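> sequence first, predicted model second:
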Amino acid sequence: MDLLLDHLRPRARNSHKGSNGGAGILGGAASMVGAAFLAGRAALRLGSGRVYLGLLDGQAPAIDPLQPELMLRQPESLLAAPLTALACGPGMGSGDDAREWLRRACSLPLPLLLDADALNLLAGESGLRQEVLARAAPTLLSPHPSEAARLLDCSTACVQDDRPRAARELAARYGAVTVLKGCGSIVAAPGGEWFVNTSGNPGLATAGTGDVLSGFIVALLAQGWPALEAMLAAVHLHGVAADERVAAGSGPIGLTAGEIIDSARAAFNRWVARGR
């Protein structure tokens, strides 16, 4: 927590939504809109002043009925919105349209998180890799072991045999702050620093928890957190929220991704209160 204290500040009394950043989520292809919704809800509940969703599904709803504060848009409108950070990947799919929107997202001069399908596209496209390496703004990656194996062109077993090495290699190869997700998630920086997360439990082994983590990360980036500290805080908070749900009797078996969001909000506000 000492690494995070400088950033755990209470909000100024005269703050407004524009003071707290604009987070974007690019994803939500056909049959996978829920992933983008989870990421958006998580970003909103962790304090982003505005959250925009750019959905690739042309038949996607115009509103999230459970979180109407989210602003749902076509991808082109998302990339033109006043964003301060962007996450690409939740439910994005791997079609040609996803590839083109990801390429356009990489050109934006703002912090960029690549997760899920965006990582698979990155692994398969040398041109995209060059665009990521050429970025001046911070880039962040959040692969699980199989995605990490594709990015490193090796086997999942090789990644798991030495997780710190794999995380450090990803960070160095792509010039990106990286979390290698799993039991004891590893966060690595391009300069060689690395950290092991100690929070979390098997309840996180369920669909959608990675999308929620993406929402937490992009929310902190949107609010001006540096890339490494945003990743460390979001990863630890994600696990803390799951631990608190289990302690309250809601898991680990049957814990759902959406349940983590409100627990994380409560924990984060406690962190801010203690950090004053």
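Arrived safely.
> low-confidence ranges in this structure?
For the chain, residues meeting the criterion pLDDT under 70 lie at 1, 276.
> one more time with 90
1-6, 9, 12, 19, 274-276 (pLDDT under 90).
> which residues in the stretch 101-250 of the chain form helices?
Using DSSP state H, counting those that start in this stretch, the helices found in the stretch 101-250 of the chain span residues 117-124, 126-134, 145-152, 156-161, 163-174, 209-222, 227-247.
> turn those helices into a markdown table, columns for distance to residue 80.
Any C-beta I mention is one placed from the backbone N, CA and C, and that applies to glycine too. Below are the helices of the stretch 101-250 of the chain laid out as a markdown table (distance: least, CB to CB, whole Å):
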| stretch | distance to residue 80 |
| --- | --- |
| helix 117-124 | 19 |
| helix 126-134 | 19 |
| helix 145-152 | 29 |
| helix 156-161 | 37 |
| helix 163-174 | 26 |
| helix 209-222 | 16 |
| helix 227-247 | 24 |
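> winner for burial among those?
helix 209-222 (a mean of 30; mean count of other CB atoms under 10 Å).
> tell me which strands and helices that one is in contact with?
strand 22-27, helix 33-45, strand 85-88, strand 112-114, helix 227-247, helix 257-274 (3 or more CB pairs under 8 Å, 6 or more residues apart in numbering; DSSP states H and E).
> the longest one packs against which elements?
Using 3+ CB pairs under 8 Å, 6+ apart, the elements in contact with helix 227-247 are strand 139-141, strand 177-180, strand 186-188, helix 209-222, helix 257-274.
> what residues are up against residue 237?
Neighbour list for residue 237: 46, 199, 216, 264, 267-268, 271 [criterion: CB atoms under 8 Å, 6 or more residues apart in numbering].
> centre-most residue in the protein?
residue 214 (1.8 Å; CA atoms, centre = their mean).
> picking up where we left off before, which among the helices of the stretch 101-250 of the chain is found nearest to residue 4?
helix 227-247 (5.2 Å; CB to CB).
> would you mind writing the CA trace of the closest one as CSV?
C-alpha atoms of helix 227-247 as CSV (Å, rounded to 0.1, in the frame of the first residue of the first chain):
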residue,chain,number,x,y,z
ALA,A,227,0.3,3.2,-15.3
LEU,A,228,2.2,1.0,-12.8
GLU,A,229,0.4,2.3,-9.7
ALA,A,230,-3.0,2.0,-11.5
MET,A,231,-2.2,-1.7,-12.3
LEU,A,232,-1.0,-2.5,-8.8
ALA,A,233,-4.0,-0.9,-7.1
ALA,A,234,-6.6,-2.4,-9.4
VAL,A,235,-5.1,-5.9,-9.2
HIS,A,236,-4.9,-5.9,-5.5
LEU,A,237,-8.3,-4.3,-5.1
HIS,A,238,-9.9,-6.9,-7.4
GLY,A,239,-8.6,-9.6,-5.1
VAL,A,240,-9.5,-7.8,-1.9
ALA,A,241,-13.1,-7.4,-3.1
ALA,A,242,-13.3,-11.1,-3.8
ASP,A,243,-11.9,-12.0,-0.4
GLU,A,244,-14.4,-9.8,1.3
ARG,A,245,-17.3,-11.4,-0.6
VAL,A,246,-16.1,-14.8,0.5
ALA,A,247,-15.7,-13.7,4.1
